[in-house]
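Chemist: Need coordinates for the following:
(one chain, ligands or ions: 1)
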Amino acid sequence: MTAHDADWWRDAVVYQVYIRSFADGNGDGTGDIAGLRGRLDHLARLGVDAIWINPWYPSPLADGGYDVADYRAINPMFGDTAQAEALITEAHERGIRVVLDIVPNHHSDDHAWFRAALAAGPGSPERERYVFRDGRGADGSEPPNNWISMFGGSAWERVPDGQWYLHLFDVRQPDVNWEHPEVRADFEETLRFWFDRGIDGFRVDVANSMVKQPGLPDIEPGVNDVQDGTHPYLDRDGVHEIFRSWRAIGDAYDPPRVFVAEAWVPDPERLARYLRPDELQTAFSFNFLTAAWLADDLRSNIDDAIAENTAVGAPATWVLSNHDVCRHPSRLSRKPEAGRGWNLDDVLDLPSDPELGLRRARAATLLMLALPGTAYVYQGEEFGLPEAEDIPVDRLDDPTWTLSGHTLRGRDGCRVPLPWAAGEPAFGFSGGADAEPWLPQPEVFARHAADVQEADPDSVLRLYTDALALRRAHPALGGGTLTWRDSPEGTLAFDRTGDDGESGFTALVNVSSAPVSLPEDAEVMLTSGPLTPRDEVPADTAVWLRS
Ligand code: NOJ
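Modeler: Below is the predicted model of the structure:
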């Protein structure tokens with residue numbers, strides 16, 4: 001990788017590795033660094049530019065590792081620092097960059113600072129690094145305010161000495177106090193620690209919640225439940241100053257290190273504020289992920305993301321699935337509007353047609369990969385994996401299940417260990433060892449196993465591989481601009497022009513329920529599914545055309 005690659009992130013395809021479920025190298029039923037190193041060639045053949053690895057730090061895994069006990073070490077369950085360094089080297093040798101996950105809103109309650117805060121007691125400097133308050137009511141037995149945890153229930157937990165601490169997520173994830181200089185300095189040290197080890201960037205967890213309104217006022221529903229800067233903890237303007245200092249740290253490296261924000265900020269103009277030239281480089285456009293499978297909805301969300309990001313000089317960042325949402329073939333297997341419900345629990349009760357879902361998922365992928373900007377692929381989507389919708393409840397691990405009072409299954413269905421070989425125990429997840437995978441795999445995974453997909457010329461894996469190769473080779477793809485074409489109702493058609501002004505590429509996505517004709521003189525390069533006998537594009541199918 002050479003210096004002129006400094007802008008690699010502007011049109012990269014980044015593959016998300018949920019390490020616990022990617023590949024198990026030591027045969028204990030849990031994914032690890034050894035397993036990932038053993039499968040790097042799969043990622044090289046697939047043709048991705050980078051990987052983003054979910055948190056791999058020491059953690060009690062109360063929230064799948066987003067409860068970090070030590071930001072500058074590796075969870076022994078996944079390996080050690082030497083293995084991490086070897087992985088970085090081996091990925092770089094294959095031209096694959098490595099992005100880690102940083103979790104700045106909260107620590108694990110196992111973090112040394114939090115233990116010290118509990119031991120030190122009310123009023124101590126140790127408690128200042130978190131958000132401790134006295135309770136309300138005569139005896140302080142009421143939480144300090146009415147905030148609700150993202151996983152359900154109060155966002156406050158009382159400790160034995162009577163004080164309460166804030167946790168916007170699980171009770172084991174105390175929020176840190178970003179007004180405290182030691183908190184800032186410590187996260188900056190973590191950035192440098194990994195950048196010094198050759199990491200190319202960070203995905204920033206809950207980038208929009210770190211700063212809280214002084215006084216921690218109650219949330220008045222309907223008054224401050226919107227994200228316009230007035231909410232007591234969502235998208236407050238104070239976060240931007242933090243990211244300016246992070247950007248300066250990343251820019252001091254050669255090549256500069258990069259960031260992608262996980263910020264569920266629905267207003268694209270406010271989201272783009274995170275991407276001003278001296279802040280973060282990229283942020284997921286989740287409005288694309290949550291759009292309904294309807295031409296108007298897709299188009300308006302694409303337009304809004306591109307327009308607002310272009311205004312600040314940033315590329316859009318597209319994603320269809322990740323470890324927090326129902327896998328897109330299963331979302332799209334429901335009625336079109338169900339695309340809007342992104343959790344399994346939102347769509348579970350709706351009738352589902354898995355074949356239709358997979359057809360739409362293939363089309364959605366060609367749509368995403370033809371858009372200008374950067375794109376994220378979640379592990380297993382290249383195999384067309386569906387959501388595991390019926391994991392026995394006694395195997396559920398996501399804190400959502402407990403904190404919702406056993407009403408919401410949560411996110412485990414998209415986190416099931418990957419199938420690598422149809423005929424092996426656990427579909428080859430543990431390299432032939434018969435260890436039980438940490439989450440059970442549904443039988444249907446056999447059909448999606450890597451070896452089955454590799455042998456099938458019509459597989460989802462072949463589609464991803466072909467699409468990524470074309471995207472890399474075609475000068476109109478990657479960065480650049482998009483121009484809509486007139487097209488039949490219920491369809492999307494656009495021309496692409498690359499960064500160097502090259503054109504000659506058109507995408508047509510048929511989101512309607514009837515076949516449509518190909519544009520005249522179009523030469524088909526790739527289709528998400530077979531055309532009709534009359535060479536029309538069937539419903540729920542996308543084509544890439546040389547134009
Ligand atoms: C977003 C992460 O993607 C999710 O998995 C986690 O539960 C929350 N942030 C809290 O860290």
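Chemist: List, one by one, the residues from the protein near the ligand.
Modeler: 63, 64, 66, 103, 169, 205, 206, 262, 323, 324 (C-beta under 6 Å from any ligand atom). Bear in mind the C-beta positions are built from the backbone N, C-alpha and C, glycine included.
Chemist: hmm, 8 Å instead?
Modeler: For the chain, the residues found near the ligand under the criterion C-beta under 8 Å from any ligand atom are 54, 63-64, 66-67, 103, 105-106, 150-151, 169-170, 173, 205-206, 262, 322-324, 399, 411.
Chemist: got the domain boundaries for the chain?
Modeler: 3-104+181-464, 112-166, 480-546 (automatic domain parsing).
Chemist: give the contact list for the residue of the chain found nearest the ligand.
Modeler: Nearest residue of the chain to the ligand: residue 66, at 3.3 Å (C-beta to the nearest ligand atom). Applying C-beta atoms under 8 Å, 6 or more residues apart in numbering to residue 66 gives the contacts 55, 59, 101, 103, 106, 169, 173, 205.
Chemist: The fourth one: neighbour count?
Modeler: Neighbourhood size, residue 103 [other C-beta atoms under 10 Å]: 27.
Chemist: Pretty sure it sits against residue 207.
Modeler: No: using C-beta atoms under 8 Å, residue 103 is not in contact with residue 207; the gap is 10.4 Å.
Chemist: element containing the residue of the chain closest to the ligand, please.
Modeler: Residue 66 belongs to no helix or strand when elements are defined using DSSP states H and E.
Chemist: if we can go back for a sec, the domains of the chain into TSV, with extra columns for distance to residue 474?
Modeler: Output for the domains of the chain, formatted as TSV (distance: least, C-beta to C-beta, whole Å):
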stretch	distance to residue 474
domain 3-104+181-464	10
domain 112-166	40
domain 480-546	6
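Chemist: looking at those, which is buried most?
Modeler: Of the domains of the chain, the one with the most neighbours on average (mean count of other C-beta atoms under 10 Å) is domain 3-104+181-464, at a mean of 20.
Chemist: Need the mean per-residue confidence for it.
Modeler: Domain 3-104+181-464 shows a mean pLDDT of 96.
Chemist: swap in stretch 485-499?
Modeler: On average, stretch 485-499 scores 97.
Chemist: What lies in contact with that stretch?
Modeler: Contacts of stretch 485-499 (C-beta under 8 Å, 6+ apart): 11, 294-295, 298-299, 367, 370, 372, 474-484, 503, 505-514, 516, 519, 547.
Chemist: So which of these are in helices?
Modeler: 295, 298, 299, 367, 370 (DSSP state H).
Chemist: quick one: contacts for residue 122?
Modeler: Each residue near residue 122 by C-beta under 8 Å, 6+ apart is listed here: 132, 134, 161, 162, 163.
Chemist: if we can go back for a sec, nearest to residue 470, of the domains of the chain?
Modeler: Among the domains of the chain, the nearest to residue 470 by C-beta to C-beta is domain 480-546 (6.1 Å).
Chemist: on that earlier part again, let's have the contacts of residue 66 in TSV, adding secondary structure.
Modeler: As requested, the contacts of residue 66 are arranged in TSV below (DSSP: H, G, I helix; E, B strand; the rest coil):
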residue	secondary structure
55	coil
59	coil
101	strand
103	coil
106	strand
169	coil
173	coil
205	coil
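Chemist: quick one: residue 103 and residue 170, what's the gap?
Modeler: Residue 103 sits 12 Å away from residue 170, going by C-beta to C-beta, to the nearest Å.
Chemist: er, residue 378 actually
Modeler: Residue 378 is 22 Å from residue 170, by C-beta to C-beta.
Chemist: for residue 537, same thing?
Modeler: From residue 537 to residue 170 the distance is 46 Å (C-beta to C-beta).
Chemist: and if you look at residue 35?
Modeler: From residue 35 to residue 170 the distance is 26 Å (C-beta to C-beta).
Chemist: Residue 203 too?
Modeler: 19 Å.
Chemist: give me phi/psi at residue 199?
Modeler: Torsion angles at residue 199 (phi, psi; degrees, to the nearest 10) stand at phi -70, psi 140.
Chemist: Nearest to the middle of the chain, which residue? Look it up for me.
Modeler: The centre of the chain sits closest to residue 322, judged by C-alpha atoms, centre = their mean, with a distance of 4.3 Å.
Chemist: Is it in a helix, a strand, or coil?
Modeler: Per three-state DSSP, residue 322 ends up coil.
Chemist: need the contact list for it.
Modeler: So residue 322 contacts 16, 376, 378, 414 (C-beta under 8 Å, 6+ apart).
Chemist: that older thread, Serialize the contacts of residue 66 to a markdown table and add fields for distance to residue 144.
Modeler: Converted to a markdown table, the contacts of residue 66 look like this (distance: C-beta to C-beta, whole Å):
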| residue | distance to residue 144 |
| --- | --- |
| 55 | 28 |
| 59 | 27 |
| 101 | 30 |
| 103 | 23 |
| 106 | 17 |
| 169 | 17 |
| 173 | 17 |
| 205 | 24 |
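Chemist: Return the closest of those with respect to residue 231.
Modeler: residue 169 (16.5 Å).
Chemist: wait, isn't that closest one in contact with residue 149?
Modeler: Yes: in this structure, residue 169 is within contact of residue 149 by C-beta under 8 Å, at 6.3 Å.
Chemist: Restricting to C-alpha, output stretch 146-153 in CSV.
Modeler: Provided in CSV are the C-alpha atoms of stretch 146-153 (Å, rounded to 0.1, in the frame of the first residue of the first chain):
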residue,chain,number,x,y,z
ASN,A,146,-36.4,9.6,33.9
TRP,A,147,-33.9,8.4,31.3
ILE,A,148,-34.5,4.9,29.9
SER,A,149,-31.8,2.5,28.8
MET,A,150,-31.6,1.6,25.1
PHE,A,151,-32.1,-2.0,26.1
GLY,A,152,-35.1,-1.2,28.3
GLY,A,153,-35.7,-0.2,32.0
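Chemist: Quick check: mean pLDDT of it?
Modeler: Stretch 146-153 comes out at a mean pLDDT of 92.
Chemist: what sits up against it?
Modeler: Contacts of stretch 146-153 (C-beta under 8 Å, 6+ apart): 154-156, 166-171, 216, 218-219, 232-233, 399-400, 403-405, 408.
Chemist: State the phi and psi torsions of residue 427.
Modeler: phi 50, psi 40.
Chemist: Tell me the spacing between it and residue 45.
Modeler: For residue 427 relative to residue 45 (C-beta to C-beta), the value is 19 Å.
Chemist: List the contacts of residue 384.
Modeler: 329, 358, 361, 362, 448, 453, 459, 460, 461.
Chemist: Just the residues you listed: which are in helices?
Modeler: Those of the contacts of residue 384 lying in helices (DSSP H): 329, 358, 361, 362, 448, 453, 460, 461.
Chemist: So which of those is the closest to residue 49?
Modeler: residue 461 (17.8 Å).
Chemist: Leaving out the residues flanking it, which one is nearest to the closest one?
Modeler: Nearest residue to residue 461, sequence neighbours excluded (C-beta to C-beta, 6 or more residues apart in numbering): residue 453, at 3.7 Å.
Chemist: what does residue 338 give?
Modeler: residue 347 (4.9 Å).
Chemist: Quick check: residue 14 touching residue 49?
Modeler: Yes: using C-beta under 8 Å, residue 14 makes contact with residue 49 at a distance of 6.6 Å.
Chemist: Now the closest residue to residue 391 other than its chain neighbours. Its backbone dihedrals?
Modeler: Computed as C-beta to C-beta, 6+ apart, the closest residue to residue 391 that is not its neighbour in sequence is residue 412, at 5.5 Å. Main-chain dihedrals, residue 412, degrees, to the nearest 10: phi -60, psi -30.
Chemist: how far away is residue 412 from residue 186?
Modeler: Applying C-beta to C-beta, the value for residue 412 to residue 186 is 31 Å.
Chemist: What of residue 369?
Modeler: Applying C-beta to C-beta to residue 369 and residue 186 gives a distance of 38 Å.
Chemist: that older thread, please narrow the contacts of stretch 146-153 to those residing in strands.
Modeler: 156, 166 (DSSP state E).
Chemist: give the contact list for residue 61.
Modeler: 67, 397.
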